[in-house]
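Participant: No letters, just coordinates:
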């Protein structure tokens, strides 16, 4: 440490000082007013400095009776004694690494110091604190970190006398919990065979989101859910961890509801006598529950059955019809199928009426009348059979 002394008496030519009376001879201060002295190697504790002024700077001996050095200079006034306490320089006692923190979680730690005089002031003198944290002048490191990092920095403490100390510190900020992750379905009730789109809100960070179902009732590809079986499922969304955040999950329940079946396909009509036999293929989708039966309609007549084919009766021979089929389950009826081929119910024609026969040489000419009923379709041919007889 150093000090300056400015005597008011103009006769003072020099100043001598001595640290503690037990430390031997006086030493001349430097300068010509003010006079300065640098003190070093002082022990921690209570210290005194004795000063006296002389009117000449001759010699180095001290006349304890009041005379000056070499007997030619004299002491001016009585010695002045200054008393002060020497303290140790400030030393940061907080050990490194510091207690770790977590992204998004409030953090606080006080840097402690031993020694130093008066008010201590702290600052970061090298490196950088984790983003979101600050160091106050009183040594409190606090805030809410926003990124995962292993930070290295140096803290300097300075006391009122100008003494200072440094400490290199490390602080690890680990990934934190994400915000609440909410799972959304465009529709929470989905008809069997239909689809809905899945999405999420909330969470934190840049991790990718994936979806999974706890049941085969729901089939998920990417963010599209297909209702695969009647019932329900729990969809779990998982947002992956990244450098700053841990994994987050959320759930939503989706109900798969039964619906009407699809329409039967490949309908083929085959004519009969005042009837049509209707064949078909069962629909690809039964709506999620068993089909209870089918109804075939040809013209104005309908018939029901449990499977293909179904015969529709009470039709008019000779009247062209097409046929459709619907499937039925507990929810209701499907839409009608694509119409079948056109078909005309019919039967064999009635017998012709023979009006007469004219014999010839190994021949006979037969006259007849067409039958009263052609069976519903035009007669395309006649066949005559003759049986030998008497006469």
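Facilitator: Structure received. All values derive from a computational prediction rather than experimental measurement. Numbering: from 1, shown residues only.
Participant: Contacts made by stretch 365-373 with the rest, please.
Facilitator: With CB atoms under 8 Å, 6 or more residues apart in numbering as the contact definition, stretch 365-373 has outside contacts at 349-358, 379, 382, 384, 386. The C-beta positions use only the backbone N, C-alpha and C, and glycine is treated the same way.
Participant: Do you have the helices of the stretch 101-250 of the chain handy? List them.
Facilitator: Listed in chain order, the stretch 101-250 of the chain contains no helices at all (DSSP state H, counting those that start in this stretch).
Participant: Which of the contacts of stretch 365-373 ranks first by neighbour count?
Facilitator: Tallying neighbours with other CB atoms under 10 Å puts residue 349 at the head of the contacts of stretch 365-373, with 18 neighbours.
Participant: just to revisit the earlier point, ok, of the contacts of stretch 365-373, which one's closest to residue 285?
Facilitator: Of all the contacts of stretch 365-373, residue 285 sits closest to residue 349, with 45.5 Å by CB to CB.
Participant: My guess is that closest one contacts residue 381. True?
Facilitator: No. Between residue 349 and residue 381 there is no contact under CB atoms under 8 Å: 10.3 Å.
Participant: middle-most residue in the chain, spatially?
Facilitator: With distances taken as CA atoms, centre = their mean, residue 239 lies nearest the centre of the chain, 3.6 Å away.
Participant: I would like the residues contacting stretch 159-171, please.
Facilitator: Contacts for stretch 159-171 (CB under 8 Å, 6+ apart): 1, 87, 89-92, 94, 96-98, 100-101, 111, 113, 115-121, 125-126, 129-130, 133, 141, 150-158.
Participant: list the buried ones in that stretch?
Facilitator: Within stretch 159-171, the residues scored as buried using 16 or more other CB atoms under 10 Å are 159, 163, 164, 165, 167, 169, 171.
Participant: per-residue confidence averaged over it?
Facilitator: What stretch 159-171 shows for mean pLDDT is 94.
Participant: picking that back up, mind picking the lowest-pLDDT entry from the contacts of stretch 365-373?
Facilitator: Lowest pLDDT of the contacts of stretch 365-373: residue 350, 69.
Participant: so who does the residue nearest to residue 138 when sequence neighbours are not counted touch?
Facilitator: Of all residues beyond its chain neighbours, the one nearest residue 138 is residue 122 (6.9 Å), with distances taken as CB to CB, 6 or more residues apart in numbering. Applying CB under 8 Å, 6+ apart to residue 122 gives the contacts 111, 135, 136, 137, 138, 139, 155, 156, 157.
Participant: what's the spacing between residue 122 and residue 86?
Facilitator: 23 Å (CB to CB, to the nearest Å).
Participant: circling back to that earlier point, of all the buried residues of stretch 159-171, which comes closest to residue 298?
Facilitator: residue 171 (85.3 Å).
Participant: my hunch is that residue 96 is in a helix, does that hold up?
Facilitator: No. Counting by DSSP: H, G, I helix; E, B strand; the rest coil, residue 96 falls outside a helix, being coil.
Participant: Could you find the closest non-adjacent residue to it?
Facilitator: In space, residue 96 is closest to residue 169, 4.5 Å off (CB to CB, 6+ apart).
Participant: who's that neighbour bridged to?
Facilitator: residue 153 (DSSP bridges).
Participant: same thing with residue 114?
Facilitator: Judged by DSSP bridges, the bridge partners of residue 114 are residue 91.
Participant: I figured residue 205 hits residue 176, correct?
Facilitator: No. Contact between residue 205 and residue 176 fails when scored by CB under 8 Å: they sit 9.3 Å apart.
Participant: between the two, what contacts are shared?
Facilitator: Common contacts of residue 205 and residue 176 (CB under 8 Å, 6+ apart): 244, 245.
Participant: show me where pLDDT drops low in the chain?
Facilitator: Under the criterion pLDDT under 70, the flagged ranges of the chain are 1-85, 350, 374-375, 389-391.
Participant: Where do the domain boundaries of it fall?
Facilitator: Residue ranges for the domains of the chain, per automatic domain parsing: 2-86, 91-174, 181-257, 260-374.
Participant: Where do the strands of the stretch 151-300 of the chain begin and end?
Facilitator: 164-174, 181-185, 189-191, 195-202, 209-213, 218-221, 224-227, 231-239, 248-257, 265-272, 275-281, 291-298 (DSSP state E, counting those that start in this stretch).
Participant: Okay, now the sheet partners of the second one, with direction.
Facilitator: Pointing back at strand 181-185 there. If you go by DSSP bridges, strand 181-185 pairs up with strand 195-202 (antiparallel).
Participant: for the strand it pairs with, which positions count as buried?
Facilitator: 196, 198, 200.
Participant: Name the residues linked to the last one by a beta bridge.
Facilitator: What that stands for is residue 200. Taking DSSP bridges as the rule, residue 200 bridges to residue 183.
Participant: residues of stretch 150-160 that come out buried?
Facilitator: 151, 153, 155, 156, 157, 158, 159.
Participant: Can you tell me which of those comes closest to residue 280?
Facilitator: For these, the closest approach to residue 280 (CB to CB) belongs to residue 151, at 74.6 Å.
Participant: Perfect, I'm done here.
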